[in-house]
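J.: quick one, fold the following:
(chains A and B)
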Amino acid sequence: MSTTTDRAQTAGPPPAAPSPIARVHVPERSIASELRAIKIVWKRELIRFRSDKLRMVTSLVQPLLFLFILGSGLQRLSSTSTHGVNLKTFIYPGILCVSVMFTAMFSAASIVWDREFGFLREMMVAPIRRSSIVIGKCLGGATVAGIQGAIVICLAGFVKVPYAPVLILEILALQLLLAFSITAFGVMVAARITQMQAFMGVMQMVVMPMFFISGALFPVAGLPAWLAVLNRFDPLTYAVDPMRKLIFDHIHTNPLAQKVLNPGVTWFGWHVPGLLEAGMILLLGIGMLGIAIWEFTTTE
Amino acid sequence: MPAASDHNSSPPAISVKSLAKSYGEVEAVRGVDFDVEPGEVFGFLGPNGAGKTTTINMLCTLAKPTSGSATVAGHDVVRERDDVRRNIGLVFQDPTLDGYLTAEQNLRLHAELYGVQSNLVPARMRQVLDMVGLWERKDSPVATFSGGMRRRLEIARGFLHSPRVLFLDEPTIGLDPQTRRSIWTYIRELKEAEDITIFLTTHYMDEAEWCDRIAIMDHGQIVALDSPEALKARVGADTVRIHTADDEAAIAALAEHFDLEATMSEGAVTFRVPAGEEFVPRLFAELGVPIRAVNVSRPTLDDVFMSYTGTSIRDAEEDSGKARSRAMMQMMSGGRR
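T.: Purely as a prediction, here's the structure:
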C-alpha cells in the first residue's frame, strides 16, 4: 500500500492533487466488524492505562496501606484470636478484592469522562451496535483492573501466601471475574450519570459499604444478626469468600484457625460452595452488562 | 474521477421533506424542505438557536425527527440508520478527540470503529493527514495540539472512511480569523480531491461565501435558499458612500437630480442604488458638487440576512438566547444524550 501513497505524494502538489486516492469504503455491519469495534474499544482502555503511569502507582497505595500498615498494626492486637495465622494473610483476599474493585470503578468512570470530553459521541455515531461499545468498555476496564490485581497478587509472598501456581491461577481467574462484574456495574451506573462528581459520589456511597460489609476485614461467622443479613446480601462477600477459601487451602494452619478465620459463607446453615459463589459473581456481571447495554441502546 | 460522472444522474445527496423536531413545547425545527445536490458545498446559515444543529443531528441519525422525513446518500435517516452512518462523516461543534491518544491513534481508532479495510488504512491515514498538514505530528498526543490543529485532525478523521456526505457543524467556531481561513482552504481542497458533498452550518456571515448554496435559517424555518450571489442580487441595491466638499448640498442634489434618498453615516453621504459601479460616472457628471472620494460596496450576506429576517444576525442571536436556554433546559431534564 505504501507505493500508492508515495505516488500520491509525488504526483503534483499534495493537497490539491485529485488523482490517486486511496479510496476506502465502510462495509455493512457484520459480526466481524462488531468484534473489531469491541477490540479497539478494549485496546483504547489499555493504551490509556499504559500512558497513565501515575494511576498505576497511586492505585497501589491503598492496598499497601491496608495490608502493611493496618495489617501490621492490628496484628499485635489480634494475635491471640488469629490462632497463629498472620492477620495480613487473613485480610489479603479482601484487600485484593477491594483494590480490584476500586480500579474497575475508575475504569468505568472513563465513560463519564468520555461523555464530558465528547469522545463518547465519536463512538456512538459509528455504524456499530451500542452493545459493542459497552462490551468493549467492560472488557477493557476488567483487563485494566485485572492487571492492577495481578500486581497485588505479586505481593502474595510478603503476606505469607505461597506462590503455588495453581493457587495463583485460581486467584487470578477469580479477580478477573470480579473486575469484569464491577466494571459492568460501573458502566451501568455511568450510563445514567453525566457528571464526574456525581459518579464519584455514587461510587463512594456504594464501594465503601460493600467493602466493609463484605467480610474483607473480618470472618463472616458469628456476626450480629443484622450484620450477617447485610453481609449475605453484599455481592462482594461472594468474591472475598471463595478467594479466602483458596488461600486457606494452601497455607498450613491448625484446624481451629481454619474454623475461626475461614468459616465460609452459609445460607441458613448451608455452606455455599466456592464455585457457586463465583457463578453468582459472573451472573451478576452479565446481568449488569445487559442492563448497561439496554441503557445505552435506548438513549437517542 | 469516475465518481463525478455518476453525479449527473444520481439522486440528491440529501433530500429533506417537512422535517420537524420539537423538544417538549419548544419547536426547534418547524418543517424544513430542501435538496442538496451531489458535490455541492451547502451551507446552513443562521444565528445560534435557529435550529441548525438540530437539523444536522436529525440528518446524522443522532436525533429522531418529530415529523417529516429525510434521506442522506439515498438512505432514510430513521429506517436505514446504519446505512446513513456508513456513508457520512461528521465533525461536531464540540471536539470529540481523545486527548490522551496520538493523532494517529485517534485516526486508527476511527478506522477500526468504521470497519475500514485494514490493508488500506495506513495509506488512507497518510493521505488525510497530509491533506490537513498534520503528518509530521502524527505521533504527538492530541492534548498538545492547538485548537486549529485539533479541528484539522477532526476534519481529516471525518474524511478517513471516504464518506459520501461530510457534515460539519460550525467547523470554525472559536478559531481566530487566520485559522478559520486555512480551515476553509482545507475544506475546499479536500472537497475537490475527494469529490464529496459537504453540508455545514455556520453563523459567520463571511464564511457563507465559501458555499455553493446557502439556506438561511431563522426560528426553525428556512427563510431563503440560493447561491450567495443570487441571494445578494435579490437584496439588490449596492451601497455608495461619498465624501464631498459640501455634504448638505450633495444630499440635496442627489434628491433633486437622481431621486435618491441619502443620509449622513459615519461622516460620509450614504445612499443605496442598483448597479452602483455603473452609477458612479453619472454621479460625477451630474452631481454638481465636487466629490473627494467614492466607495461602492456590494450587499453582504449580513444585508441578505437582514433583509430576510428584519434583524442583523447578532441581534437575532440575542433574541433566540432565551428560547435556546429554555430548549436546553428541556433537553437536560429529559435526560442528556
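
J.: closest to the centroid, which residue in chain A?
T.: A:A179 (2.1 Å; C-alpha atoms, centre = their mean).

J.: quick one, phi psi at it?
T.: phi -60, psi -40 (degrees, to the nearest 10).

J.: leaving out sequence neighbours, find the closest residue to it.
T.: A:A145 (3.6 Å; C-beta to C-beta, 6 or more residues apart in numbering or on different chains). (Each C-beta comes from the backbone N, C-alpha and C, glycine too.)

J.: repeat for A:L139
T.: Nearest to A:L139 is A:W42, by C-beta to C-beta, 6+ apart, at 4.8 Å.

J.: what's the first helix or strand after the helix or strand harbouring the one you found?
T.: Counting by DSSP states H and E, the element that carries A:W42 is helix A:31-51. Next in sequence after helix A:31-51, counting helices and strands by DSSP H and E, comes helix A:53-64.

J.: got the buried residues for that following helix?
T.: A:55, A:59-60, A:63 (16 or more other C-beta atoms under 10 Å in any protein chain shown).

J.: name the nearest of the residues you listed relative to chain B.
T.: Of all the buried residues of helix A:53-64, chain B sits closest to A:R55, with 11.3 Å by C-beta to the nearest C-beta.

J.: got the contact list for the closest one?
T.: For A:R55, the contacting residues are A:49, A:106, by C-beta atoms under 8 Å, 6 or more residues apart in numbering or on different chains.

J.: go on, the one 4 residues further on?
T.: For A:S59, the contacting residues are A:99, A:102-103, A:106, A:148, taking C-beta under 8 Å, 6+ apart as the criterion.

J.: what is the lowest-pLDDT residue among the residues you listed?
T.: Among those, A:F106 has the lowest pLDDT, at 86.

J.: what number of residues lie near that one?
T.: Neighbour count of A:F106, defined by other C-beta atoms under 10 Å in any protein chain shown: 20.

J.: element containing it?
T.: Assigned by DSSP H and E, A:F106 falls in helix A:87-116.

J.: same check, this time on B:A293
T.: strand B:291-297.

J.: that strand pairs with which strands?
T.: Strand pairing for strand B:291-297, using DSSP bridges, gives strand B:238-244 (antiparallel).

J.: contacts for the helix or strand following the partner strand?
T.: Counting by DSSP H and E, the next helix or strand C-terminal to strand B:238-244 is helix B:247-253. For helix B:247-253, contacts defined as C-beta under 8 Å, 6+ apart pick out B:242, B:244, B:262-264, B:269, B:287-289, B:291.

J.: show me what counts as buried in helix B:247-253.
T.: Burial within helix B:247-253, assessed by neighbour count using 16+ other C-beta under 10 Å, is assigned to B:247, B:250-251, B:253.

J.: average pLDDT across that helix?
T.: On average, helix B:247-253 scores 82.

J.: how about low-confidence regions in chain B?
T.: B:1-10, B:310-337 (pLDDT under 70).

J.: would you map the helices across it?
T.: Using DSSP state H, the helices found in chain B span residues B:2-9, B:52-59, B:81-87, B:103-113, B:121-131, B:147-160, B:177-194, B:228-235, B:247-253, B:276-286, B:301-309, B:313-333.

J.: chain A now?
T.: Under DSSP H, chain A gives helices at A:2-10, A:31-51, A:53-64, A:71-78, A:87-116, A:119-124, A:130-154, A:165-192, A:196-213, A:225-233, A:237-250, A:255-261, A:274-298.

J.: save those as CSV, and put in distance to B:V77 too.
T.: CSV is the format used below for the helices of chain A (distance: least, C-beta to C-beta, whole Å):
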stretch, distance to B:V77
helix A:2-10, 33
helix A:31-51, 21
helix A:53-64, 41
helix A:71-78, 60
helix A:87-116, 23
helix A:119-124, 15
helix A:130-154, 17
helix A:165-192, 24
helix A:196-213, 32
helix A:225-233, 47
helix A:237-250, 46
helix A:255-261, 63
helix A:274-298, 18
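
J.: quick one: closest of those to B:A237.
T.: Nearest to B:A237 among those is helix A:119-124; the distance by C-beta to C-beta comes to 44.8 Å.

J.: write out the residues of the stretch 51-200 of chain A neighbouring chain B.
T.: By C-beta under 8 Å from any C-beta of the partner chain, the part of the stretch 51-200 of chain A that sits against chain B consists of A:51-52, A:117-119, A:121-128, A:194.

J.: next, the contact list for B:T244, please.
T.: B:250, B:269, B:287, B:289-292.

J.: now tabulate the residues you listed in JSON lines and tack on distance to A:H250.
T.: As requested, the contacts of B:T244 are exported to JSON lines (distance: C-beta to C-beta, whole Å):
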{"residue": "B:A250", "distance to A:H250": "105"}
{"residue": "B:V269", "distance to A:H250": "99"}
{"residue": "B:L287", "distance to A:H250": "107"}
{"residue": "B:V289", "distance to A:H250": "108"}
{"residue": "B:P290", "distance to A:H250": "108"}
{"residue": "B:I291", "distance to A:H250": "103"}
{"residue": "B:R292", "distance to A:H250": "102"}
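
J.: filter those to the buried ones?
T.: Of the contacts of B:T244, these count as buried by 16+ other C-beta under 10 Å: B:250, B:269, B:287, B:289.

J.: so which of those residues is the closest to chain A?
T.: B:V269 (45.3 Å).

J.: quick check: beta-bridge partners of that closest one?
T.: B:I242, B:M264.

J.: got the contact list for it?
T.: Counted by C-beta under 8 Å, 6+ apart, B:V269 has contacts B:241-244, B:247, B:250-251, B:254, B:262-263.

J.: could you do B:V116 as well?
T.: Counting by C-beta under 8 Å, 6+ apart, B:V116 has contacts A:24-26, B:124, B:160-161.
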